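>>> Pasting the sequence and the predicted model now:
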Amino acid sequence: MRFLQALLSSLVTIVRTIAYEWLLALCALWRRLAGACRRASAAKRIPVRERRAARGQCTPVRDIAFKKPDPLLYSQPYLMSQGLVVTWDNPDIALYRNGALVPSSQLASDTEYEIVARIWNNSTDAPVAMLPVVFSYLSFGIATLSHPIASDTVNLGVKGGPNHPAFARVKWRTPTAAGHYCIQVFLDWFDTQTRTTTLARKIRSSARRIRRPISSLSFATTQRSASFTASRLTLIACRESPTAIRESAPRVVAFRNNTTAKTSLSRRVGGLKSIRHIRCWRQQKKNRSRLESRHPRASREIRAST
Amino acid sequence: MAYHQYTQCVSDADHRGQLAYLGVGGLLGVATVVGVLLAGGALLPGAGVAALLLIIAYCKWWLYDRLICLGGERCAIGMVLTVEPPQNKSGLDAFDTDYSINLVLSPRKVGDDQAKTESDGIQGDLIKNQLPLGNRPLHADLSREGFTGEKTRQWGNDPYTAVLHCEFEGGGVKTLYDAAQAALVFAAAATVACSIPILGWVACAILGAIAAVITIAGIIAALNDRGNPSDVNPDLGTELHVNDYTRVGADLLVVKGEWVYDSAHEGWNELHPIRHCQRIGQWNGFWSWDTKLARDHWCTALDDADKDSTHDNQAKPENQWTVHPVIDGCQPREREDGHPNDPPPLH
């Protein structure tokens, strides 16, 4: 019985198709073809080069001719994060007076010094011309305050090339009040291989004027980056060794962290760029969630591997 | 300096033109088909040979004749106005897997036309006509309309802006060229074999199938050669940005490449291929540098990075560090003698 019903249904369909449905199908097909032709013709009116242009604001580029530099300073937290033993005597920051090296523990108040920062490039093919190097210092009290000193620009060559390493120099008059100060050197570059710029710190103490030694000194800042490249919460701590303080040895602390640099950059360029970064980040997040919904196992493996 | 280059530019005097190559390829193809038919061979393999000859001729023009050298390598700084990734090309254009960017040359702004940019005396010469195009026979290139300069716009309601067109080279056409050359031998052998009864027909079928497989594989490989996956170092991977709707945020680039005139389109100068490209800033609505100074600094730095002496130095042991010279670097012997444990001096 079912077989007969199916047969009858098929026959009816065939008859109906032959009678009139072929015409409806042909009309529908024609409408679709006409629509496609209209769209193609509208697209043709746009010049070829504009038609080829990417619609989005961010377009991935993958070519070996696209280079990124990697300017850096000696950075203890970064090196420690790599599992390396570090020295607290930062070899890349020094203070000079009249051309003579002055240990940071023997600085006098209200005196002009020259701060020299040595900058390296870990890239063998991407230099950085006009690299802004920003110097500032922190004063410690109830609150940690940052005070700008000056900035310099250097032309940093590639590893092994001319202008490598590069030296940034600024004049600095020490504060009149005795105490501990932390000199900061910030390489203000946004596009690096390791996606980091470097912020180095050197603790200066006018030891001869300190009345009571400070056993330890630490501070922490919390940064949150809007950039998709480093969208994690990071705690940065700059801690002095108590032993180093007691011995009045030059105490140098440097740290290098991508989130610091990124956040600083987005603060500098203002809200518009932050919006743009967030948009890119959202796009990537959307792509990731799409990938996760389609290939949950693969995305878990990718996440585990990264 | 690592980069992809598949094309070679020719001097203006040695430029033959698209029609010359296509004409020779077409004539050879027709002669092949006629010859095969007269010799009693099969039409299909003969037509295959003719098609392959035409493809080879076109690819050869594309790779080795299309670009006219204008004076070696040049360097420029500018703002990215538009980006043309190869994914947006269709039809036969899809074989051109070059990744193009259009730069507004510093210190010009969006809306500045060809004449204004050409005459700025700084980087304008890059987009200025350098060839005596008026003397060139009109039939030399099918699509040549004389020198027009390249102009484009990001938004439909923007004025057109004169730009410097720059291209990262993709290997699409070269792959197609290689495949066509490889397949040609088998197709020719198949054509000959087809004229021999029984055994020849079998050989003809096999050789023809091999030629077809090579050609199809070449076409697929060429269409997908939009960037070597091995290039994708996660640390190097990045995006190029154009302005958002508030007209800020585009990348500022320094670009170095071969300065050429591309005879395949309307007529403009370009950097092709890009041999070095770096992001050097982001557009905030104005040029924050003195263009001459910035260009000199950047271009000198790129030249220094590419010097032989630099490459020689990079091979030395003291430049093999990867973390920091103090951590995993070493000092030359003469320094080690005096100060074995000292880090490199600051001055």
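It's in.
>>> Pull the contacting residues for B:Ala187.
By Cβ atoms under 8 Å, 6 or more residues apart in numbering or on different chains, the contact list for B:Ala187 reads B:45, B:48-49, B:52, B:207-208, B:211. Bear in mind the C-beta positions are built from the backbone N, C-alpha and C, glycine included.
>>> tally of neighbours for the closest residue to it other than its chain neighbours?
In this structure, B:Ala187 finds its nearest non-sequential neighbour in B:Ala211, 4.1 Å apart by Cβ to Cβ, 6 or more residues apart in numbering or on different chains. By the measure other Cβ atoms under 10 Å in any protein chain shown, the count of residues near B:Ala211 is 25.
>>> for B:Glu73, same thing?
15.
>>> What is the helix or strand hosting it packed up against?
Here B:Glu73 sits within strand B:67-84, counting by DSSP states H and E. Using 3 or more Cβ pairs under 8 Å, 6 or more residues apart in numbering or on different chains; DSSP states H and E as the contact test, the elements touching strand B:67-84 are helix A:48-52, strand B:99-105, strand B:164-168, strand B:238-241, strand B:251-262, strand B:268-282, helix B:291-305.
>>> Run the chain-centre distance for that strand.
On the basis of Cα atoms, centre = their mean, to the nearest Å, the separation between the geometric centre of strand B:67-84 and that of its chain is 11 Å.
>>> in that strand, what counts as buried?
B:67-70, B:74-84 (16 or more other Cβ atoms under 10 Å in any protein chain shown).
>>> Looking at the residues you listed, which one is closest to B:Glu318?
Ranked by distance to B:Glu318 (Cβ to Cβ), the buried residues of strand B:67-84 are led by B:Cys75 at 29.2 Å.
>>> was I right about that closest one contacting B:Cys299?
Yes. Counting by Cβ atoms under 8 Å, B:Cys75 does reach B:Cys299; the two are 3.8 Å apart.
>>> Contacts only, for residue 131.
Went with chain A since none was named. Contacts of A:Leu131 by Cβ under 8 Å, 6+ apart are A:71, A:119, A:153-156, A:166, A:187-189.
>>> I was after chain B.
B:12, B:68, B:70, B:147, B:261.
>>> Quickly check those for the two that are furthest apart.
B:Asp12 and B:Phe147 (12.6 Å).
>>> Touching, B:Gly41 and B:Ala193? I think so.
No. Using Cβ under 8 Å, B:Gly41 is not in contact with B:Ala193, being 9.1 Å away.
>>> I'd like the distance between A:Trp30 and chain B.
24 Å (Cβ to the nearest Cβ, to the nearest Å).
>>> Neighbours of that residue, how many?
10.
>>> Same check on B:Thr246?
11.
>>> okay, the nearest residue to B:Glu169 once chain neighbours are set aside: pLDDT?
Nearest non-adjacent residue to B:Glu169, counting by Cβ to Cβ, 6+ apart: B:Pro273, 3.9 Å away. On pLDDT, B:Pro273 comes in at 91.
>>> In three-state terms, label the closest residue to B:Arg66 other than its chain neighbours for me.
Once flanking residues are discounted, B:Arg66 sits nearest to B:Ala264: 5.1 Å by Cβ to Cβ, 6+ apart. With DSSP: H, G, I helix; E, B strand; the rest coil as the basis, B:Ala264 sits in coil.
>>> residues near the residue lying closest to B:Asp125 once chain neighbours are set aside, how many?
Of all residues not flanking B:Asp125 in the chain, B:Glu118 sits nearest, at 7.4 Å (Cβ to Cβ, 6+ apart). Residues near B:Glu118, counting by other Cβ under 10 Å, number 17.
>>> for A:Leu33, same thing?
10.
>>> Endpoints of stretch A:152-172, how far apart?
Length of stretch A:152-172, first residue to last, Cα to Cα, to the nearest Å: 12 Å.
>>> Run the contact check for that stretch versus chain B.
Yes. Counting by Cβ under 8 Å from any Cβ of the partner chain, contacts between stretch A:152-172 and chain B involve A:155, A:157-163, A:167.
>>> mind listing which of these are in strands?
A:155, A:167 (DSSP state E).
>>> got the residues of stretch A:152-172 next to chain B as JSON lines, with distance to B:Ile219 and pLDDT columns?
Formatted as JSON lines, these follow (distance: Cβ to Cβ, whole Å; pLDDT from 0 to 100):
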{"residue": "A:Asn155", "distance to B:Ile219": "47", "pLDDT": "92"}
{"residue": "A:Gly157", "distance to B:Ile219": "45", "pLDDT": "93"}
{"residue": "A:Val158", "distance to B:Ile219": "40", "pLDDT": "93"}
{"residue": "A:Lys159", "distance to B:Ile219": "42", "pLDDT": "91"}
{"residue": "A:Gly160", "distance to B:Ile219": "44", "pLDDT": "90"}
{"residue": "A:Gly161", "distance to B:Ile219": "43", "pLDDT": "90"}
{"residue": "A:Pro162", "distance to B:Ile219": "47", "pLDDT": "90"}
{"residue": "A:Asn163", "distance to B:Ile219": "48", "pLDDT": "90"}
{"residue": "A:Phe167", "distance to B:Ile219": "55", "pLDDT": "93"}
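>>> ok, of the residues of stretch A:152-172 next to chain B, which one's closest to A:Leu26?
Using Cβ to Cβ, these come closest to A:Leu26 at A:Val158, 67.2 Å.
>>> That closest one touches A:Asn122, doesn't it?
No. Look at A:Val158 against A:Asn122 with Cβ under 8 Å: they stay out of range, at 9.4 Å.
>>> The two: which is more packed in?
Between A:Val158 and A:Asn122, A:Val158 has the larger neighbour count (other Cβ under 10 Å), namely 30 against 19.
>>> Who are the contact partners of the residue lying closest to the more buried one once chain neighbours are set aside?
Leaving aside its chain neighbours, A:Val158 sits nearest to B:Ala305 (4.3 Å; criterion: Cβ to Cβ, 6+ apart). Counting by Cβ under 8 Å, 6+ apart, B:Ala305 touches A:124-127, A:157-158, A:161, B:1.
>>> Tell me where the stretch 101-250 of chain B has strands.
B:151-152, B:161-162, B:164-168, B:238-241 (DSSP state E, counting those that start in this stretch).
>>> Format the ones you listed as JSON lines; extra columns: mean neighbour count and mean pLDDT.
Shown next, in JSON lines, are the strands of the stretch 101-250 of chain B (neighbours: other Cβ atoms under 10 Å in any protein chain shown; pLDDT from 0 to 100):
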{"stretch": "strand B:151-152", "mean neighbour count": "21", "mean pLDDT": "88"}
{"stretch": "strand B:161-162", "mean neighbour count": "24", "mean pLDDT": "92"}
{"stretch": "strand B:164-168", "mean neighbour count": "25", "mean pLDDT": "92"}
{"stretch": "strand B:238-241", "mean neighbour count": "19", "mean pLDDT": "82"}
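>>> need these in TSV with distance to chain A, can you?
Below are the strands of the stretch 101-250 of chain B laid out as TSV (distance: least, Cβ to the nearest Cβ, whole Å):
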stretch	distance to chain A
strand B:151-152	5
strand B:161-162	12
strand B:164-168	4
strand B:238-241	4
